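A.B. asks: Sequence unavailable; structure follows:
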């Protein structure tokens, strides 16, 4: 993504502060960012903050002669590879839909010949108002990519759709826009992520420390290359990546059923840390009575990876994960042979990998082992998905 140029328009709204994190993600991803700050946006973030993060001057006024002499609004609107509006307020989108150009932001939006991506943010009632619904439909018909807002509590005290998508989700949408050739277009990729929870009684369960971050990162990377992604997720508190179909489950049996229902797939990447055993769950809470607890009766869960490897609907490329605490490569190579999959991604989880933001993995195949340096989990995901795209060509 190096040398791609983003023109970021920061609209007026409490969510404008999230534009700072979006700029950080874009700069870290190798993008050049120039910012236009609306009068409303300037009530929430300052030009100095955006300039420091973007490392470029911030444009605020159509009538600033110095800026017009150095870079007129026509040039500013056309030198970018993508125009991003975050937050895109109801007022700003209404002006866009009507073709109004009464300030720098709306003028360059009318003058640009480049793709435009809008990330809405507003009160739930404003988002659901007939005028906004009409304006969004018009913008989409005009070719503007309008993301769906998140749902949740708002600064005004109400709850519902209208929250600005998280910066990571906007960043993923930008990545998707720039995906090189959409290398995975037309491919269905099935991914599992997170832990499973196996009930012991109505209030207790068997679980593990998996956060789901690596699986969600892989789902985002696959979607960014044009794949149709189905993500079967255990109980985790993570936002669904843009363009991904998410199926939430709790137990290993539910995960197995969801995978079977999602087939066929071109690729399956089983990242989830599935519990090997489940309990014969009690119908009511097990109480302490002062005596030693009765032994917990355990039943073996189905081996999802091996079952999928032997299935008539076996994906063209089947990838498992091996989270180990010792003899990582020995265990991974044995698992590759035992399970019948194509690749194993092995990692040492004896430290803070589960729940952490970085990972160091080994790609184990029938022909050898490729060890990768420690990377952010999204970078691991991008690298893995790139390898998958190469393998499918």
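C.D. replies: Received it, and whenever you're ready, just let me know what you need. Keep in mind the model is a prediction, meaning the values are calculated, not measured.

A.B. asks: any weak-confidence spans in the stretch 201-350 of the chain?
C.D. replies: Across the stretch 201-350 of the chain, the ranges flagged by pLDDT under 70 are 292.

A.B. asks: now the helices for it?
C.D. replies: Using DSSP state H, counting those that start in this stretch, the helices of the stretch 201-350 of the chain run over 213-224, 252-262, 304-309, 328-339.

A.B. asks: residues touching residue 97, list them.
C.D. replies: Taking CB atoms under 8 Å, 6 or more residues apart in numbering, we find residue 97 in contact with 134-135, 138-139, 142. Just so you know, the C-beta spots here come from the backbone N, C-alpha and C atoms, and that holds for glycine as well.

A.B. asks: Next: residue 199.
C.D. replies: Contacts of residue 199 (CB under 8 Å, 6+ apart): 205, 251, 278-279, 281.

A.B. asks: 6 Å - rerun?
C.D. replies: Contacts for residue 199 (CB atoms under 6 Å, 6 or more residues apart in numbering) come out as 205, 281.

A.B. asks: where's it, which helix or strand?
C.D. replies: Assigned by DSSP states H and E, residue 199 belongs to strand 198-201.

A.B. asks: show me what contacts the residue nearest the centre of the chain?
C.D. replies: When CA atoms, centre = their mean is applied to the chain, the residue found nearest the centroid is residue 241 (2.9 Å). By CB under 6 Å, 6+ apart, the contact set of residue 241 is 172, 219-220, 223.

A.B. asks: SS state for residue 20?
C.D. replies: State at residue 20, reduced to three classes by DSSP: H, G, I helix; E, B strand; the rest coil: helix.

A.B. asks: Return the distance of it relative to residue 171.
C.D. replies: Residue 20 sits 13 Å away from residue 171, going by CB to CB, to the nearest Å.

A.B. asks: Now do the contacts for residue 306.
C.D. replies: By CB under 6 Å, 6+ apart, the neighbours of residue 306 are residue 339.

A.B. asks: Go again with 7 Å.
C.D. replies: Neighbouring residues of residue 306 by CB atoms under 7 Å, 6 or more residues apart in numbering: 339-340.

A.B. asks: just residue 363 next, same as before
C.D. replies: Counting by CB under 7 Å, 6+ apart, residue 363 has contacts 343, 345, 370.

A.B. asks: Quickly find the element holding residue 132.
C.D. replies: Residue 132 belongs to helix 130-141, assigned by DSSP H and E.

A.B. asks: Equivalent analysis for residue 383, please.
C.D. replies: helix 377-392.

A.B. asks: what does that helix rub up against?
C.D. replies: 183-184, 187, 213-214, 217-218, 220-222, 225, 266-267, 317, 345, 357-359, 361, 372.

A.B. asks: In it, which residues are buried?
C.D. replies: Using 16 or more other CB atoms under 10 Å as the test for burial, helix 377-392 gives 377-382, 384-385, 388-389.

A.B. asks: again, but for stretch 311-319
C.D. replies: So for stretch 311-319, counting by 16+ other CB under 10 Å, buried means 314-315, 317-319.

A.B. asks: same check, this time on stretch 167-181
C.D. replies: 167-176, 179.

A.B. asks: Stretch 15-22 too?
C.D. replies: Residues of stretch 15-22 classed as buried by neighbour count (16+ other CB under 10 Å): 15-16, 18-20, 22.
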